[in-house]
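> Fold the following, please.
(chains A, B and C)
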Amino acid sequence: MLIAEPLDLPEWVNGLAIGVASVQGATYASGFRDRKLDLFGVAVIGIATGLGGGFLRDLLLNRLPVALTENWYILVAIVAALLGMLLARMFRRVDWMITVLDALALGLFAALGTTAALVSGLPFVPSLFVGVITAVGGGFIRDVLLNMPISVMHVGSLYAVAAAAGSLALLLCNEANIGLEISVPLCISVTVVLRLLAVRFGWSLPEQRMLKS
Amino acid sequence: MLIAEPLDLPEWVNGLAIGVASVQGATYASGFRDRKLDLFGVAVIGIATGLGGGFLRDLLLNRLPVALTENWYILVAIVAALLGMLLARMFRRVDWMITVLDALALGLFAALGTTAALVSGLPFVPSLFVGVITAVGGGFIRDVLLNMPISVMHVGSLYAVAAAAGSLALLLCNEANIGLEISVPLCISVTVVLRLLAVRFGWSLPEQRMLKS
Amino acid sequence: MLIAEPLDLPEWVNGLAIGVASVQGATYASGFRDRKLDLFGVAVIGIATGLGGGFLRDLLLNRLPVALTENWYILVAIVAALLGMLLARMFRRVDWMITVLDALALGLFAALGTTAALVSGLPFVPSLFVGVITAVGGGFIRDVLLNMPISVMHVGSLYAVAAAAGSLALLLCNEANIGLEISVPLCISVTVVLRLLAVRFGWSLPEQRMLKS
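Below is the predicted model of the structure:
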């Protein structure tokens, strides 16, 4: 098993992923016309959706949140959220593009979370957990703040499962001494492919059920 | 006053308490048929209910969550939650047994939280607070994630009060230089007895009220 | 730019601000007669509203929460919440006084959060973020725990904006090498004046909206 190094991405990649998530959060929130969310509320949703997963990851790993170490993280999330709000109609028309970009961001966040957990010395299962939380945590916080059922916990299109599969691929590579230059692209690919196939073919996890008795 | 040592429990005791809490969370969630919770959602509820109190404790004490240091914690919570879902009917039929085991887990979590707070050097009242949060925090997170009113904050059967009484007993022992071999069983006993008496006789805290004026 | 020192307030100032926030939280919660909140629930609301902002600040800054380092913080929050519950009718009659005191507490929490962030070495935008979270975080947690829409995110009376303006004033002073003896009173004044003007004249942020297209 490799000791993973931290995953160092070019800033524009990371910024794009955060921006896509924030746009997606604000577009989602703009659907609720009976809740008079104001501009501050939209900014909060942007920060929650774009940076919330990373905040949860860093809280769990007991370290200063990366998003607080530089000015641009919060600014990108707020600007993207305001754009997502203003251009919600447009973004909904290019729904498929948002779905693709969002799947890429999902895979990227899973890779960032999983590698950060490995660097912190966590074992296999907790690293998978942190990877999934990093990927879907923003959506959790968004839904809690909007006082909505948490969409990722309900029957949908393999959102969390796709992130878990990507994170699992990365972890298995790591066990097999395969480095980040292979495992990270694999993690992202697995996530994106599984997520897009699920959207395309309507795959979902079964609903909770009890055994007859 | 003693400097408390960390409370070192046999793993099976800790695992059983986590499992019971997760079963209880999933059984509770299975009651809501109008929310199409999927299998991932059930796993999340299991992790939240079984491990959430410990996560909150470790976040408050500013340390790496214990549940992330080994593989089995998360696995136990997930497996227990899936069992709780599948066998919800059966678990509801042995309701009294779940109530007893859950009261034991409540007392155990209170003892784990209170001693961890003392080890971190917290004073009396904050240690009591951390003890109660550890015991009831899982239920808090469960209800927030299910977008339900938080049951432990509403008129019920002395759930949080039982945990607080147990934690208080442990803290008073500690002030009186009585060691963990006495104070921990006392904490658990006080919690269990008070909780079960409250369930049996329908004791509850008064509802909030205003003074007439 | 100055390296800010931690803001050391007399305990009674800090305690009063926490007490005011807790009273306000309990008075708010007492309005919901259909939710049978019990006394423990009221205590939780008091702790959440009075100390929640500080808890979030300290979690984000990765340090032990200040409110856990001494006994009096939690006690003040609980006692204030019980008073706020019992005397809700009276407090509602002196609504304007609560609004003024609450605006003072808002400014004070913003100053405490912003200076704590600067001491932790955070840059400009994250310090502003932490300042605002410290000021309005208690209300966030209160509303999540009450399973209500988060009032500060919805069209209202410049609550978060007032805190952000105060925090911004403090940060600009800091950039200009102006010390805490000036910047902290300025932060509080800006927050209070903006908040009270907004309440008096019904100023609010615009609701979220899409561009026509």
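
> where in chain A is pLDDT low?
For chain A, the stretches flagged by pLDDT under 70 are A:1-4, A:33-34, A:213.

> what residues does it put near chain B?
Contacts of chain A with chain B, taken as Cβ under 8 Å from any Cβ of the partner chain, map to A:59-62, A:117, A:120, A:122-126, A:129-130, A:140, A:143-144, A:147-150, A:152-156, A:160-161, A:204-213. To be clear about C-beta, it is placed using only N, CA and C from the backbone, and glycine gets the same treatment.

> Now do the contacts for residue A:138.
A:21, A:25, A:48, A:49, A:50, A:51, A:52, A:53, A:109 (Cβ atoms under 8 Å, 6 or more residues apart in numbering or on different chains).

> Give me the residue at the spatial middle of chain A.
Per Cα atoms, centre = their mean, the C-alpha nearest to the average position across chain A is that of residue A:135, at 2.9 Å.

> and the closest residue to that residue other than its chain neighbours, what element?
When the adjacent residues along the chain are set aside, residue A:135 lies closest to residue A:163, with 3.7 Å between them (Cβ to Cβ, 6 or more residues apart in numbering or on different chains). Element membership for residue A:163, per DSSP states H and E: helix A:159-175.

> For residue A:154, grab phi and psi.
Torsion angles at residue A:154 (phi, psi; degrees, to the nearest 10) stand at phi -110, psi 170.

> and it, what are its bridge partners?
Here residue A:154 sits in beta bridges with residue B:37, going by DSSP bridges.

> Identify the residues contacting it.
B:35, B:36, B:37, B:38, B:41.

> Okay, the closest residue to the fourth one other than its chain neighbours and residue B:11: tell me how far apart.
Sequence neighbours aside, residue A:205 is the residue nearest to residue B:38 in space, at 4.0 Å (criterion: Cβ to Cβ, 6+ apart). Residue A:205 sits 30 Å away from residue B:11, taking Cβ to Cβ, to the nearest Å as the criterion.

> Show me which of these two is the more surrounded one.
The neighbour comparison of residue A:205 against residue B:11 (other Cβ atoms under 10 Å in any protein chain shown) goes to residue A:205, with 21 against 12.

> hang on, the earlier thing: Provide the contact partners of the helix holding residue A:163 at residue level.
Residues from elsewhere that reach helix A:159-175, judged by Cβ under 8 Å, 6+ apart: A:1-2, A:4, A:103, A:106-107, A:109-111, A:113-115, A:118, A:124, A:127-128, A:131-132, A:135-136, A:139, A:151-152, A:179, A:182-184, A:186-192, A:194-195, A:198, A:205, B:40.

> Past it, which element shows up next along the chain?
Proceeding N to C from helix A:159-175, the next assigned helix or strand is helix A:180-201, under DSSP H and E.

> Flag every buried residue along that next one.
For helix A:180-201, burial by neighbour count (16 or more other Cβ atoms under 10 Å in any protein chain shown) applies to A:180, A:183-184, A:186-188, A:190-192, A:194-196, A:198-199.

> ok, for whichever residue of chain A sits closest to chain B, nearest residue in space, not its chain neighbours?
Going by Cβ to the nearest Cβ, chain B is nearest to residue A:153 of chain A, at 3.2 Å. Nearest non-adjacent residue to residue A:153, counting by Cβ to Cβ, 6+ apart: residue B:41, 3.2 Å away.

> Output the host helix or strand of that neighbour in PDB with nothing but the alpha carbons.
Counting by DSSP H and E, the element that carries residue B:41 is helix B:39-60. Extracted C-alpha coordinates of helix B:39-60, given in PDB (Å, rounded to 0.1, in the frame of the first residue of the first chain):
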ATOM      1  CA  LEU B  39     -30.500   2.000   0.700                       C
ATOM      2  CA  PHE B  40     -27.800   4.700   0.800                       C
ATOM      3  CA  GLY B  41     -30.200   6.800   2.900                       C
ATOM      4  CA  VAL B  42     -30.700   3.900   5.300                       C
ATOM      5  CA  ALA B  43     -26.900   3.500   5.600                       C
ATOM      6  CA  VAL B  44     -26.600   7.300   6.300                       C
ATOM      7  CA  ILE B  45     -29.300   7.100   9.000                       C
ATOM      8  CA  GLY B  46     -27.400   4.200  10.600                       C
ATOM      9  CA  ILE B  47     -24.100   6.000  10.600                       C
ATOM     10  CA  ALA B  48     -25.800   9.200  11.800                       C
ATOM     11  CA  THR B  49     -27.600   7.500  14.700                       C
ATOM     12  CA  GLY B  50     -24.900   5.000  15.700                       C
ATOM     13  CA  LEU B  51     -21.900   7.200  15.300                       C
ATOM     14  CA  GLY B  52     -23.300  10.800  15.200                       C
ATOM     15  CA  GLY B  53     -23.000  11.400  19.000                       C
ATOM     16  CA  GLY B  54     -19.300  10.300  18.900                       C
ATOM     17  CA  PHE B  55     -18.700  12.500  15.900                       C
ATOM     18  CA  LEU B  56     -20.200  15.600  17.600                       C
ATOM     19  CA  ARG B  57     -18.200  14.800  20.800                       C
ATOM     20  CA  ASP B  58     -14.900  14.600  18.900                       C
ATOM     21  CA  LEU B  59     -15.700  17.700  16.800                       C
ATOM     22  CA  LEU B  60     -16.400  19.600  20.100                       C
END
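
> just checking, what packs against it?
helix B:11-29, helix B:72-86, helix B:95-119, helix B:124-145 (3 or more Cβ pairs under 8 Å, 6 or more residues apart in numbering or on different chains; DSSP states H and E).

> angle of that helix against helix A:39-60?
80 degrees (axes from the mean of the first three to the mean of the last three Cα atoms, to 10 degrees).

> what angle separates helix B:39-60 from helix B:124-145?
Using the same axes, to 10 degrees: helix B:39-60 against helix B:124-145 is 160 degrees.

> Can you get me a residue count around the closest residue to chain C within chain A?
Going by Cβ to the nearest Cβ, chain C is nearest to residue A:41 of chain A, at 3.2 Å. Per other Cβ under 10 Å, the neighbour tally for residue A:41 reads 29.

> residues touching it, list them.
Counting by Cβ under 8 Å, 6+ apart, residue A:41 makes contact with A:29, C:150, C:152, C:153, C:154, C:208.

> ok, 7 Å please
Applying Cβ atoms under 7 Å, 6 or more residues apart in numbering or on different chains, we find residue A:41 in contact with C:153, C:154, C:208.

> Tell me the residues of chain A that contact chain C?
A:30, A:35-42, A:44, A:59, A:62-65, A:68, A:70-71, A:74-75, A:85-90, A:144-145, A:147 (Cβ under 7 Å from any Cβ of the partner chain).

> Can I have the buried ones of these as a PyMOL selection?
Here is the PyMOL command that picks out the buried ones among the residues of chain A next to chain C, judged by 16+ other Cβ under 10 Å:
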select buried, chain A and resi 30+35+36+37+38+39+40+41+42+44+59+62+64+65+68+71+74+85+86+87+88+144+145+147
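
> State the distance from the residue nearest to the centre of chain A to residue A:57.
Look at residue A:135 and residue A:57: by Cβ to Cβ, they are 9 Å apart.

> can you list residues touching both of those two?
Listed as contacting both residue A:135 and residue A:57 by Cβ under 7 Å, 6+ apart are residue A:113.

> Is it possible to get JSON lines of the helices and strands packed on helix B:39-60 that adds distance to residue C:95?
Formatted as JSON lines, the helices and strands packed on helix B:39-60 follow (distance: least, Cβ to Cβ, whole Å):
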{"stretch": "helix B:11-29", "distance to residue C:95": "39"}
{"stretch": "helix B:72-86", "distance to residue C:95": "46"}
{"stretch": "helix B:95-119", "distance to residue C:95": "38"}
{"stretch": "helix B:124-145", "distance to residue C:95": "30"}
